[in-house]
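K.L.:
Structure of the sequence below:
(one chain, ligands or ions: 1)
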Amino acid sequence: MAGTPFDQLSGDIWYDGEFVPWSDAKLHILSHGLHYGSSVFEGERAYGGRIFKSEEHTERLLESARTLGFEIPWTAEQINAAKEETLARMQLTDAYIRPVAWRGSEMMGISAQTNTIHLAIAAWEWPSYFKPEERLKGIRLDMAEYRRPDPKTAPFKAKAAGLYMICTVSKHAAEQKGYTDALMLDWRGRVAECTGANVFFIREGKIHTPTPDCFLDGITRRTVIDLARERGIEVIERAIMPEEIPEFEQCFVTGTAAEVTPVSEIAGTKFEVGEIIETLMKDYDAAVRPDAPALQAAAG
Ligand SMILES: Cc1ncc(COP(=O)(O)O)c(C=O)c1O
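P.N.:
Model (predicted):
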């Protein structure tokens with residue numbers, strides 16, 4: 001699929017309750033979701049035919065929509081079943097799954113009280129978010145210019161399309177300078193997260209990670225914290241200032257797409273890829289497998 005535009009892949013997409021051919025899964029240009037960012041989505045992965053933490057992702061999707069003031073007209077059970085059906089229809093076992101919900105076209109202004117709420121679910125093969133060779137060495141991050149906003153100015157718990165605007169701007173700026181991704185500070189100047197992943201640091205055998213009080217508390221983040229604690233590794237959630245970054249020995253990021261990916265550099269500060277990261281990468285790989293005993297423990 002390398003290089004094929006996403007609207008030209010083959011297969012079927014679940015769209016408002018039925019499967020439509022991939023190329024027919026369209027929406028009108030006068031859709032509220034497109035103009036006013038009234039769209040929420042999930043990014044999920046299936047491993048060996050099982051969607052990892054499918055229920056948690058569905059709950060977050062429904063809650064993200066409620067945060068934006070709309071109710072997705074499908075129950076959690078129906079959405080979970082639709083995701084499974086999509087995976088089966090596409091004959092995929094290891095895949096990325098993208099549910100997306102948005103306000104339709106009935107009203108075209110700020111107010112959209114009567115707009116139909118749409119839901120679509122697509123699934124495709126997507127082996128690694130970062131290039132595999134880069135992932136093993138560790139990715140390089142730049143510091144982003146934009147900051148994660150004050151919770152009083154944006155609904156940070158929602159996985160809402162609008163919140164990704166500054167992520168794309170920041171990732172593009174980093175890529176133009178030869179980096180893989182950007183590390184964003186928050187509105188107070190504390191370390192927050194990457195453009196599509198949470199961040200962790202390691203010093204003297206302990207893991208430090210920012211408290212998710214104004215950015216997404218990722219499902220992978222919580223899984224990895226559980227896995228580290230099961231190993232007896234101390235995990236400290238706290239405010240981390242950018243000045244502390246050079247004091248850390250190791251760094252990694254987590255996310256459904258990124259999984260556990262080591263970081264080799266943040267804007268000139270170098271990190272090693274050490275034993276704790278390697279252990280967590282292996283533990284995460286084991287936990288996501290459907291037959292993994294660790295899955296039950298980590299699923300919480
Ligand atoms: C901005 C941002 N932060 C963190 C994450 C990690 O979240 P999760 O582990 O639930 O995929 C993601 C990925 O969805 C993200 O887009």
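K.L.:
Around the ligand, which positions in this protein sit nearby?
P.N.:
The chain comes close to the ligand at residues 43, 167, 193, 196-198, 216, 218-221, 254-256, as judged by Cβ under 6 Å from any ligand atom. Heads up, the C-betas are built off the backbone N, CA and C, glycines and all.
K.L.:
Show the buried residues in the residues you listed.
P.N.:
Burial by neighbour count, 16 or more other Cβ atoms under 10 Å: within those this picks out 43, 167, 193, 196-198, 216, 218-221, 254-256.
K.L.:
farthest-separated two in the residues you listed?
P.N.:
Across these, the longest distance by Cβ to Cβ is 17.5 Å; it joins C167 and I219.
K.L.:
D12 contacts W22, doesn't it?
P.N.:
Yes - with contact defined as Cβ atoms under 8 Å, D12 counts as touching W22 (6.4 Å).
K.L.:
Need the pLDDT of the residue in the stretch 201-300 of the chain that the ligand sits nearest to.
P.N.:
Closest to the ligand within the stretch 201-300 of the chain is G218: 2.7 Å, counting by Cβ to the nearest ligand atom. pLDDT recorded at G218 is 98.
K.L.:
surely it meets A258?
P.N.:
No - under the criterion of Cβ under 8 Å, G218 makes no contact with A258, lying 9.3 Å away.
K.L.:
How many residues are close by A258?
P.N.:
Residues lying near A258 (other Cβ atoms under 10 Å) number 22.
K.L.:
domain parsing for the protein?
P.N.:
The chain is divided into the following domains under automatic domain parsing: 10-124, 132-299.
K.L.:
want to throw those into CSV with distance to T4?
P.N.:
Formatted as CSV, the domains of the chain follow (distance: least, Cβ to Cβ, whole Å):
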stretch, distance to T4
domain 10-124, 9
domain 132-299, 18
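K.L.:
Restricted to strands, list the buried ones among the residues of the chain next to the ligand.
P.N.:
Residues of these located in strands (DSSP state E): 193, 198, 254-255.
K.L.:
give the contact list for V100.
P.N.:
Counting by Cβ atoms under 8 Å, 6 or more residues apart in numbering, V100 touches 39-42, 119-122.
K.L.:
Report the two of those residues separated the most.
P.N.:
Across the contacts of V100, the longest distance by Cβ to Cβ is 14.9 Å; it joins V40 and A122.
K.L.:
Of those two, which one has the most company?
P.N.:
Taking other Cβ under 10 Å, V40 and A122 do not tie; V40 has more neighbours (28 against 21).
K.L.:
Assumed the more buried one was part of a strand.
P.N.:
Yes - counting by DSSP: H, G, I helix; E, B strand; the rest coil, one finds V40 located in a strand.
K.L.:
which residue sits closest to it, ignoring its sequence neighbours?
P.N.:
Take V40 and drop its neighbours on the chain: the residue closest to it by Cβ to Cβ, 6 or more residues apart in numbering is S64, 3.8 Å away.
K.L.:
was I right about that neighbour contacting A161?
P.N.:
No - using Cβ under 8 Å, S64 is not in contact with A161, being 9.7 Å away.
K.L.:
For these two, list the residues in contact with both.
P.N.:
Residues touching both S64 and A161 (Cβ under 8 Å, 6+ apart) are 40-41.
K.L.:
Could you check which of the two is surrounded by more residues?
P.N.:
More crowded of S64 and A161, by other Cβ under 10 Å: S64, with 24 against 20.
K.L.:
what's the pLDDT at I29?
P.N.:
pLDDT, read off for I29, is 97.
K.L.:
Tally up the residues packed near it, please.
P.N.:
Using other Cβ under 10 Å, I29 has 8 other residues around it.
K.L.:
can you check T67 too?
P.N.:
Per other Cβ under 10 Å, the neighbour tally for T67 reads 15.
K.L.:
From A101, how far off is it?
P.N.:
Per Cβ to Cβ, to the nearest Å, T67 is found 12 Å from A101.
K.L.:
what do those two both touch?
P.N.:
Residues touching both T67 and A101 (Cβ under 8 Å, 6+ apart): V40.
K.L.:
Now do the SS call for H208.
P.N.:
Three-state call for H208 (three-state DSSP): strand.
K.L.:
give the contact list for it.
P.N.:
By Cβ under 8 Å, 6+ apart, the contact set of H208 is 200-202, 235-236, 238, 240, 248.
K.L.:
Can you check the residues you listed and name whichever has the most neighbours?
P.N.:
Most neighbours among the contacts of H208, by other Cβ under 10 Å: F200, with 26 neighbours.
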